[in-house]
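A.B. asks: Just need the structure, nothing else, for what follows:
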Amino acid sequence: MKVKTKSTTRGGRAGSKTGGRAGGRAGGRAGDKTSFKKRDILGMMRKKYCKLCADKIKSIDYKDSKRLESFIRDRGKMVSSRLSGTCAKHQRRVAEAVKKARFISLLPYVR
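C.D. replies: All right, here's what the predicted structure looks like:
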């Protein structure tokens, strides 16, 4: 009966500099985007919450361009719910309202 020995590297391959991670980046997962999340003073992660649920907003109007601009980046891309903290229901409504506002030229497609 053969006994398997454990490898000393993380990736299982000897001589692997990346530790078996995809993308060739050492120190963290390859698709890790934690640097984009907001951190408070102590360095702890804040709990993200839906601003629209907190304000008890029932409908999102495409004519309210000031509110919709907070969900658009400076280049014109829509902010994902993961970054903005909105719930799935409100993120769908925001996306629909942004698309309507862009169509009638209340919001720009690209800046």
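A.B. asks: the helices in this protein, which residues?
C.D. replies: In the chain, the helices defined using DSSP state H lie at 51-54, 65-69, 81-84, 88-103.
A.B. asks: pLDDT weak spots in this protein?
C.D. replies: In the predicted model of the chain, residues 1-45 satisfy pLDDT under 70.
A.B. asks: can you do 80?
C.D. replies: For the chain, residues meeting the criterion pLDDT under 80 lie at 1-47, 111.
A.B. asks: how deep is the closest residue in space to residue 61 that isn't next to it in sequence tucked in, by neighbour count?
C.D. replies: Spatial nearest neighbour of residue 61, chain neighbours left out: residue 97 (6.8 Å); criterion: CB to CB, 6 or more residues apart in numbering. Just so you know, the C-beta spots here come from the backbone N, C-alpha and C atoms, and that holds for glycine as well. A count of nearby residues for residue 97, using other CB atoms under 10 Å, gives 22.
A.B. asks: returning to that earlier point: turn the helices of the chain into CSV, columns for distance to residue 111.
C.D. replies: Listed next are the helices of the chain as CSV, based on distance: least, CB to CB, whole Å:
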stretch, distance to residue 111
helix 51-54, 22
helix 65-69, 11
helix 81-84, 18
helix 88-103, 12
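A.B. asks: neighbours around residue 87, how many?
C.D. replies: Neighbourhood size, residue 87 [other CB under 10 Å]: 15.
A.B. asks: buried sites along stretch 77-85?
C.D. replies: 78, 79, 81, 84, 85 (16 or more other CB atoms under 10 Å).
A.B. asks: Can you tell me which of these is nearest residue 107?
C.D. replies: Closest approach to residue 107 among the buried residues of stretch 77-85 (CB to CB): residue 78, at 10.1 Å.
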